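J.: Just to be clear, the model below is a prediction. Sequence and coordinates:
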Amino acid sequence: MEAVIAVFALLFVLFLGLGAYATVKAVGAAKRGVDRGITQARRTVEDHTLRAKSFAQPGAAGELAQLRLKLRTSLRATQEALHAAVAEDASLKESVGLFERLSAHGHELDDELKRLESEPDRAALTERLPGLRERTERITHSADSLRWAARDRARRFAEDDLDTLSAQIDLESGALRHWTGPEPQSGSAQQSASARQPGSPPWPEAPPADAGTAGQTWPDSAQPGPAREPARPAITPPGPRLTHPWQKKPRPESTT
């Protein structure tokens, strides 16, 4: 009795622990989902704000907003492309590592551009704009190069796989169409071949000639013979004419 109680107590504790673990995992997953949603919403709001500033604010402030928007768009697109491609191609892990290093420079530049948006000295800001523009171009060019290289690699693999598949399909189609074989013999030829005796010549023997006609190869026209009736032509009377349902019926001739 004590053993049964101990087993039930152990099962109860086990189920309780599993329930607590599942609850913690569910709460963590929900929290991560909420955090991703909040981050996505904040990112969308910031992008729309930068786009509005780039059109509304003239001068250095508007150019700073354009640089930030260009930088964020390029890095985000490259990150999504690499993370989607590395799941199918493990050789892109090194490219992902390089992008992480590039992304660190991008975050540093984005923070600097964000701080300069509230800079009151517009003259000093105008002097620093060429350097900021060059850094932005270098980072976005590297990010775009990684993204397009990953896409070209995936497209090349798809084309190679398609070429191999097309060659295999052509080979299989040719094998399926190869139905030509030796033609079967007709029934009369098989019967004549089976009726031959072993050792007999492959051609039929001629019937023995009569003693009276042994030296004659064709009948002489001068010798009289039995009268023969002239052959009648094998002409059958014409039957009823076939008519088709789409043909019109002949109209009777008028008697008037």
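T.: Now that the structure is in, tell me what you want to look at. Since the structure is predicted, the reported quantities are computational estimates derived from the model, not experimental observations.

J.: Which pLDDT value does the model give residue 232?
T.: Residue 232 is assigned 55 on the pLDDT scale.

J.: what do you get for residue 169?
T.: pLDDT for residue 169: 92.

J.: do you know how far it is from residue 157?
T.: Using Cβ to Cβ, to the nearest Å, we find residue 169 at a distance of 19 Å from residue 157. All C-beta atoms are positioned from the backbone trio N, CA, C, and that covers glycine.

J.: Extract the CA atoms of the helix or strand harbouring residue 108 and return them as CSV.
T.: For residue 108, the element it lies in under DSSP states H and E is helix 93-116. Provided in CSV are the C-alpha atoms of helix 93-116 (Å, rounded to 0.1, in the frame of the first residue of the first chain):
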residue,chain,number,x,y,z
LYS,A,93,27.5,31.0,-42.1
GLU,A,94,30.8,32.9,-42.8
SER,A,95,28.8,35.5,-44.7
VAL,A,96,26.4,35.9,-41.8
GLY,A,97,29.5,36.4,-39.5
LEU,A,98,30.8,39.1,-41.8
PHE,A,99,27.4,40.8,-41.8
GLU,A,100,27.3,40.8,-38.1
ARG,A,101,30.5,42.8,-38.0
LEU,A,102,29.2,45.1,-40.7
SER,A,103,26.0,45.5,-38.8
ALA,A,104,27.9,46.7,-35.7
HIS,A,105,29.4,49.6,-37.8
GLY,A,106,25.9,50.3,-39.1
HIS,A,107,24.4,50.6,-35.6
GLU,A,108,27.2,52.9,-34.6
LEU,A,109,26.7,55.1,-37.6
ASP,A,110,22.9,55.1,-37.1
ASP,A,111,23.3,56.2,-33.5
GLU,A,112,25.7,59.0,-34.6
LEU,A,113,23.3,60.2,-37.2
LYS,A,114,20.4,60.1,-34.7
ARG,A,115,22.4,62.3,-32.3
LEU,A,116,23.3,64.8,-35.0
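
J.: neighbouring contacts of that helix?
T.: 64, 67-68, 71-72, 75, 78-79, 82-83, 86, 125, 128, 132, 135-136, 139, 142-143, 146, 149-150 (Cβ atoms under 8 Å, 6 or more residues apart in numbering).

J.: switch to 6 Å and redo it
T.: With contact meaning Cβ atoms under 6 Å, 6 or more residues apart in numbering, helix 93-116 is reached by 64, 67-68, 71, 75, 82, 86, 125, 135, 139, 142, 146.

J.: Let me know the average pLDDT across it.
T.: Helix 93-116 comes out with an average pLDDT of 92.

J.: Output the below-cut-off pLDDT ranges for the stretch 151-256 of the chain.
T.: Scanning the stretch 151-256 of the chain for pLDDT under 70 picks out 180-256.

J.: Apply 90 and report the result again.
T.: Along the stretch 151-256 of the chain, the parts satisfying pLDDT under 90 run over 151-163, 170, 172-256.

J.: Next: the stretch 1-150 of the chain.
T.: For the stretch 1-150 of the chain (pLDDT under 90), the answer is 1-65, 84-93, 114-129.

J.: mind listing the helices in it by residue range?
T.: For the stretch 1-150 of the chain, applying DSSP state H, counting those that start in this stretch gives helices covering 2-56, 59-86, 93-116, 122-176.
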